[in-house]
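Novice: Let's see this in three dimensions:
(one chain, ligands or ions: 1)
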Amino acid sequence: MKTFITDDFLLYNETARELFHNTAKDLPIIDYHNHLNQYEIMEDKNFSDLAEVWLGGDHYKWRAMRANGISEDYITGNKPGYEKFLAWSKTIPNAIGNPLYHWTHLELLRYFDIDELLNEESAPRIWEEANAKLATKEMSVRNLLKNKKVEFVGTTDDPADDLKTHEALAKEDIGITVSPSFRPDNALGIEKEDFPSYVEKLAGVYNKEIENYDVFLDALKSRVDHFAEHGCKSSDHGINVMFYEEATKDEVAAIFAKRLKGEALTNKEVEQFKTYTLVTLGELYAEKKWVMQLHINPLRNNSTRRFKLIGADSGFDSIGDHLLADKLSNLLDAMDINDKLPKTVLYSLNARDNDVLAAMAGNFQTDEIAGKVQFGTAWWFNDTIDGMEDQMRTLANMGLISNFIGMLTDSRSFLSFPRHEYFRRILCNLLGTWVEEGKAPKDMKLLETYVRNICYENAKRYFAI
Ligand SMILES: O=C[C@H](O)[C@@H](O)[C@@H](O)[C@H](O)C(=O)O
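Specialist: Next up, the predicted model:
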């Protein structure tokens, strides 16, 4: 073993080691939320080199490279792949303490069997060896997933998507379920400049002009049906600032008409539209037995200059700090009052909200399913050892960690599945620590049930897979 990633990496006590090696390690993976590209799964693509697969779309790595003073030419610019990879290999030795340091070496080890630290000296060797392996059939996209025992992939899709690729994948029965998730951020984005053109796009797939709010809601309903017919199990909402403003349907219809005429809306009107539309959608999700995921509090595109040059999701986002408790409570209550709250997963990018979300989840549990409202796994900037431990401790303090649906990658990279291993090690270590500290019984059977459920069974049951 040349790197620090030993068999017992992150497992600091005997109970943790037993739990990980005997139970967690070999469980299959349900990655219920990610940004993987279904077209690449369809063509069963082979990546041409490490630069493409690692640096092609991963804004976490781009951000680290910028923090290391690398010029944009080597990040999102036109420099050749090998030079970009060299720039990454120069950056990674400076990333100790960042999960990227662990992920990178776990990925080298688990996918390529390369047990070496990446740096400028090892980079040429690693480039050759990894690229030779990437060219083989065993490293096609589908095989990358299968080798990590990935059973379920939940992609993120716009309501206007025709889902032809998901359909073709289901027909071909590739041994992995690739399920679309309904992400109607564009439909809720009435304040955005391109909202009218989005409404036209929706009308295109709905095959009918959308001349008023009733028709707009009907179009969305027809897309929910379309997604359900294509195996969708989940919706996803990116909510930069939590909203809740009551309004009647007539009021919202007037707001919609005003916007399509090109008139400016007040902030209150924007929130009224979003609230009414999301409550309506939530009720549809409940009917379909879907899961509603709410991703709250990102602060996006902070650098206008870079946003204009490079675009969204490129590493210029950060953590927002809008308060959310009151509005989130009202929103969930508005669905729950008619007993139409769907299964819901709450995430915030601000770890300050952890207590609020964990407590909030407890308000809306029902006998429909254990853990109907979930405090979701540590998201994005919190997807770190400390962030995951904090999230799980908070969940255990305020709710039942035994019903937690566990990890997802949220990733755009087909090499990111060792993040499940990382999570599993951290989970086993946390449970093991509680045992060692005398806070939990050393009842291996019970603890193994926790691990098996959190790493696999709970998600399977929750998403009805
Ligand atoms: O891990 C980070 C994520 O992939 C991030 O890029 C997404 O969460 C995206 O902003 C979204 O809202 O869906």
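Novice: Within the helices and strands, which one has residue 219?
Specialist: helix 213-229 (DSSP states H and E).
Novice: Can you tell me which helices and strands the helix or strand following that helix packs against?
Specialist: Towards the C-terminus, the helix or strand next in line after helix 213-229, according to DSSP H and E, is strand 234-239. Applying 3 or more CB pairs under 8 Å, 6 or more residues apart in numbering; DSSP states H and E, one finds that strand 234-239 contacts strand 181-182, helix 185-188, helix 267-288, strand 291-296. The way it works is simple: take the backbone N, C-alpha and C, and place the C-beta from them, glycine included.
Novice: returning to what we had before: any idea of the mean pLDDT for the helix holding residue 219?
Specialist: In this model, helix 213-229 has an average pLDDT of 98.
Novice: which residues touch the residue lying closest to residue 139 once chain neighbours are set aside?
Specialist: Spatial nearest neighbour of residue 139, excluding adjacent residues (CB to CB, 6 or more residues apart in numbering): residue 133 at 5.7 Å. For residue 133, the contacting residues are 111, 112, 139, taking CB atoms under 8 Å, 6 or more residues apart in numbering as the criterion.
Novice: re earlier: tell me which residues of the helix holding residue 219 come out buried.
Specialist: Taking 16 or more other CB atoms under 10 Å as the neighbour-count basis, helix 213-229 is seen to contain the buried residues 213, 215, 216, 217, 219, 220, 222, 223, 224, 226, 227, 228.
Novice: Could you look up the SS state of residue 131?
Specialist: helix (DSSP: H, G, I helix; E, B strand; the rest coil).
Novice: Just give the closest residue to the residue in the stretch 1-150 of the chain that the ligand sits nearest to, not the sequence neighbours.
Specialist: Using CB to the nearest ligand atom, residue 35 is the residue of the stretch 1-150 of the chain that sits closest to the ligand, at 5.1 Å. For residue 35, ignoring the flanking residues on the chain, the nearest one in space by CB to CB, 6+ apart is residue 412 at 4.6 Å.
Novice: In what element of secondary structure is that neighbour found?
Specialist: When secondary structure is defined using DSSP H and E, no element contains residue 412, which sits outside every helix and strand.
Novice: Check the burial of it by counting its neighbours.
Specialist: Each residue near residue 412 was counted by other CB atoms under 10 Å, and the total is 17.
Novice: contacting residues for residue 33?
Specialist: If you count contacts by CB under 8 Å, 6+ apart, residue 33 has them with 154, 156, 181, 234, 236, 293, 408, 409, 410.
Novice: Swap in 10 Å and give it another go.
Specialist: Shown in contact with residue 33 (CB atoms under 10 Å, 6 or more residues apart in numbering): 153-156, 181, 183, 234, 236, 291, 293, 295, 345, 347, 376-377, 379, 407-411, 463.
Novice: same deal with residue 29?
Specialist: Shown here is residue 29, whose contacts under the criterion CB under 10 Å, 6+ apart are 145, 148-153, 176, 406-409, 417, 419-421, 424, 455-456, 459.
Novice: Could you measure from the closest residue to it other than its chain neighbours over to residue 378?
Specialist: For residue 29, ignoring the flanking residues on the chain, the nearest one in space by CB to CB, 6+ apart is residue 150 at 4.6 Å. When distances are taken as CB to CB, to the nearest Å, residue 150 and residue 378 turn out to be 20 Å apart.
Novice: coming back round to it: any quick ChimeraX command for the buried ones out of the contacts of residue 29?
Specialist: Burial among the contacts of residue 29 is assessed by 16+ other CB under 10 Å; the matching ChimeraX selection reads:
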select :145,148,150,151,152,153,176,406,407,408,409,417,419,420,421,424,455,456,459
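Novice: Tell me which of the contacts of residue 29 fall in strands.
Specialist: Secondary structure assignment (DSSP state E) places 150, 151, 152, 153 from the contacts of residue 29 within strands.
Novice: Now do the contacts for the residue positioned nearest the centre of the chain.
Specialist: The structure's the chain has its C-alpha centroid closest to residue 410; by CA atoms, centre = their mean the separation is 2.9 Å. Residues touching residue 410, when contacts are defined by CB under 10 Å, 6+ apart, comprise 31, 33-35, 156, 295, 347, 377, 379-380, 383, 416, 419.
Novice: pLDDT below threshold where in the stretch 151-300 of the chain?
Specialist: With pLDDT under 70 as the threshold, the stretch 151-300 of the chain has no low-confidence stretch at all.
Novice: Would you mind naming what in it lies close to the ligand?
Specialist: Listed as neighbours of the ligand in the stretch 151-300 of the chain under the rule CB under 6 Å from any ligand atom: 238, 295.
Novice: By proximity to the ligand, which residue of the stretch 151-300 of the chain wins?
Specialist: Scanning the stretch 151-300 of the chain for proximity to the ligand using CB to the nearest ligand atom identifies residue 238 as nearest, at 4.0 Å.
Novice: If that residue is in a bridge, with which residues?
Specialist: Applying DSSP bridges to residue 238 gives these bridge partners: residue 295.
Novice: so residue 312 sits in a strand?
Specialist: No: residue state for residue 312 (three-state DSSP) corresponds to coil; a strand is not indicated.
Novice: So for it, what's the pLDDT?
Specialist: At residue 312, the pLDDT recorded in the model is 96.
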